[in-house]
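1. I'd like to go over a predicted model; first the sequence, then the structure.
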Amino acid sequence: MISLIDCSDDSKAPKLKAKLVALLLRATIKGLATSDIDKLIRNSTSSSGQISSLTIHTIKKYLYYLIEYGLILYDGTNQVFIIKNSGIKLLAIIMSIKKYSLDIEKTSIGFE
């Protein structure tokens, strides 16, 4: 189960920042090659309004959970991450939160 939660929730379930989840889901729409992950990090940390202090470790952790919970898949032959229908649905929810000016910075996504 996936749920939107406040960052202060004390649940043991993995909690991922909605802003970073949205960034990765958007990047996987056309396919995110493993060779492009460093470029994604550079672009995300240098752009205003993006995520600061993004590391390869954080990206790998997020990609792991997005695969584990069926939001993206990894095509090993082409070495590319691709969004699945469930990922598109979650991205639409995150974008609607942003559209209605809810605080996406403090929103996390909990996995159970």
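-> Received the coordinates, thanks.
2. Please make it C-alpha for all contacts and neighbour counts, starting now.
-> Fine.
3. Now do the strands in this structure.
-> 2-6, 15-17, 32-33, 72-75, 80-83, 107-111 (DSSP state E).
4. which other residues reach the fifth one?
-> Right, the one you point to is strand 80-83. The contact list for strand 80-83 (C-alpha atoms under 8 Å, 6 or more residues apart in numbering) reads 25, 28-34, 71-75.
5. With neighbour count, pLDDT and distance to S86 added, can I get the residues you listed in CSV?
-> CSV is the format used below for those (neighbours: other C-alpha atoms under 10 Å; pLDDT from 0 to 100; distance: C-alpha to C-alpha, whole Å):
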residue, neighbour count, pLDDT, distance to S86
L25, 25, 96, 10
T28, 21, 96, 13
I29, 15, 96, 12
K30, 12, 93, 15
G31, 20, 95, 15
L32, 20, 95, 17
A33, 16, 95, 20
T34, 14, 92, 21
L71, 20, 96, 5
I72, 25, 98, 8
L73, 20, 97, 11
Y74, 19, 97, 15
D75, 12, 97, 17
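6. Nearest to N43, out of these: which one, please.
-> Of all these, N43 sits closest to L32, with 13.8 Å by C-alpha to C-alpha.
7. Quick check: beta-bridge partners of that closest one?
-> On the basis of DSSP bridges, L32 is bridged to F81.
8. so what's it up against?
-> Per C-alpha under 8 Å, 6+ apart, neighbours of L32: V80, F81, I82.
9. okay, those residues in TSV with pLDDT, distance to Y65 and neighbour count next?
-> Output for the contacts of L32, formatted as TSV (pLDDT from 0 to 100; distance: C-alpha to C-alpha, whole Å; neighbours: other C-alpha atoms under 10 Å):
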residue	pLDDT	distance to Y65	neighbour count
V80	97	16	17
F81	97	13	24
I82	98	14	22
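10. what's the spacing between the residue nearest the centre of the chain and K12?
-> In the chain, the residue lying closest to the centroid (C-alpha atoms, centre = their mean) is V21, at 1.6 Å. V21 sits at a distance of 19 Å from K12 (criterion: C-alpha to C-alpha, to the nearest Å).
11. cool, and Y74?
-> Taking C-alpha to C-alpha, one finds Y74 at 26 Å from K12.
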